[in-house]
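>>> Okay, here's the prediction I keep looking at, along with the sequence it came from:
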Amino acid sequence: MEAGKSYPVAASDYRVLEEIGHGRNATVHRALCVPRGEIVSIKSIDLEKCRSDLDEVRREAQTLSLIDHPNVVAALALFIVGQRLWVVMPYMAAGSCLTIMRVARPYGLDEPLVATVLRECLKALDYLHFHGHIHRDVKAGNILVDQHGGVKLGDFGVSACLFDCYNRQIARRTTFAGTPCWMAPEVLDPVCGYDCSADIWSLGITALELAQGHAPLSDLPPMKMVLVELSGPPPTLEPERAKAFSKSFKDFVACCLQKEASKRPTAGKLLKHGFFKHAQSSEYLVAHLLRELPPLWEQVKELRNRDVAELGKKISLPEGEQQQQQQEVVSEWNFCVADSSSSSSTSGKGEAKPEEEEKK
């Protein structure tokens, strides 16, 4: 952070407003930083609930505090409030691409919008990989958009650094982490190690997700999903959406979704792919996507009500069908509340909100 640009590290300096995200161990609120007169977002992480994952919390906090790139969500301030870690971040007023699609574009985004979003994501991955970080959870729910059409990659709850404390590069990781739909084959296989190229596979899956409104295989139970991904061919665009996208988009996806990790291009090389001739400016995103959106907290409220209604329908189903429809695994760090109806409707029981912490 630049000199003179520091953010306060006391809860009393923030006026907590609407909830804009919720996960198993964390909530995200819009907030006013009073001394600066600036709207920010505050991720409040319950350290008691994630006690077994404290190493991941520390890793996320450390990663966020060191990041300095316009396409990556950074931490503006970190401090403890009661039993919670507060992470102050920029306010991404449009929310995640997942939220945007669920609210306004259920069948996916048009090609220029997809190209614009993916180009900015690749800039973020190029920066992270250069500094030895694997994100490990690239997906639409972790791609955030601000009111000016700026695109940032967020959610480092499962990110990993390829360098140890002695700055010796570690060639490959072996930890199973991320969200199954988007995981590269080598991440799903416990025998294999993986490196930054795993993020490139996830980006290819995200490209399909953005283009058709959902990730491939997302309707399958996790174990079947893993078997299909390990034994079947790489996924492609669904036929009903394929005619709306160019040959260059399909080639870009094929480059990302090569099962042999060593054959996948780096983020830097992918930025030179011909597909990005379709990419537009941030002003284009505002004009063709963001202007049709309600405020983020209204999006979240609408989606939560919709998910509660859907959950009510699922409860009336036979047990086997309930399980099949509730299989999606969600990162607890998502900025977006709407990844899973079961998660968003049940994970908040007994969890103190930032406002309550402020009063203690």
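Arrived safely.
>>> where does the most centrally placed residue in the chain land on pLDDT?
When the chain is reduced to its mean C-alpha position, the closest residue under C-alpha atoms, centre = their mean turns out to be Asn142, at 1.3 Å. Looking at Asn142, its pLDDT is 91.
>>> do the same with the one 10 residues further on
With respect to pLDDT, Lys152 scores 95.
>>> what helix or strand does it sit in?
Assigning secondary structure by DSSP states H and E places Lys152 in strand 151-153.
>>> List the buried residues in that strand.
If you call a residue buried by 16 or more other C-beta atoms under 10 Å, then strand 151-153 has these buried ones: 151-153. C-beta: built from backbone N, CA, C; applies to glycine.
>>> Same question for stretch 138-157.
Neighbour counts over stretch 138-157 (16+ other C-beta under 10 Å) mark 138-146, 149-157 as buried.
>>> cool, stretch 271-278 as well?
Neighbour counts using 16+ other C-beta under 10 Å place 271, 273, 275-276, 278 of stretch 271-278 among the buried residues.
>>> I'd like these written out as CSV, with secondary structure and distance to Ser96 added.
Below are those laid out as CSV (DSSP: H, G, I helix; E, B strand; the rest coil; distance: C-beta to C-beta, whole Å):
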residue, secondary structure, distance to Ser96
Leu271, coil, 22
His273, coil, 24
Phe275, helix, 22
Phe276, helix, 22
His278, helix, 22
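>>> just the buried residues of strand 151-153 now: which is nearest Pro90?
Lys152 (7.5 Å; C-beta to C-beta).
>>> For that closest one, name its beta-bridge partners.
Beta-bridge pairing of Lys152 under DSSP bridges involves Leu144.
>>> ok, it - contacts?
Each residue near Lys152 by C-beta atoms under 8 Å, 6 or more residues apart in numbering is listed here: 70-73, 90, 92, 120, 124, 143-146.
>>> roughly how far apart are it and Val117?
According to C-beta to C-beta, to the nearest Å, Lys152 and Val117 sit 11 Å apart.
>>> okay, and the common contacts of these two?
Counting by C-beta under 8 Å, 6+ apart, the residues touching both Lys152 and Val117 are 143, 145.
>>> Count the neighbours of Thr99 for me.
For Thr99, the tally of surrounding residues (other C-beta atoms under 10 Å) stands at 28.
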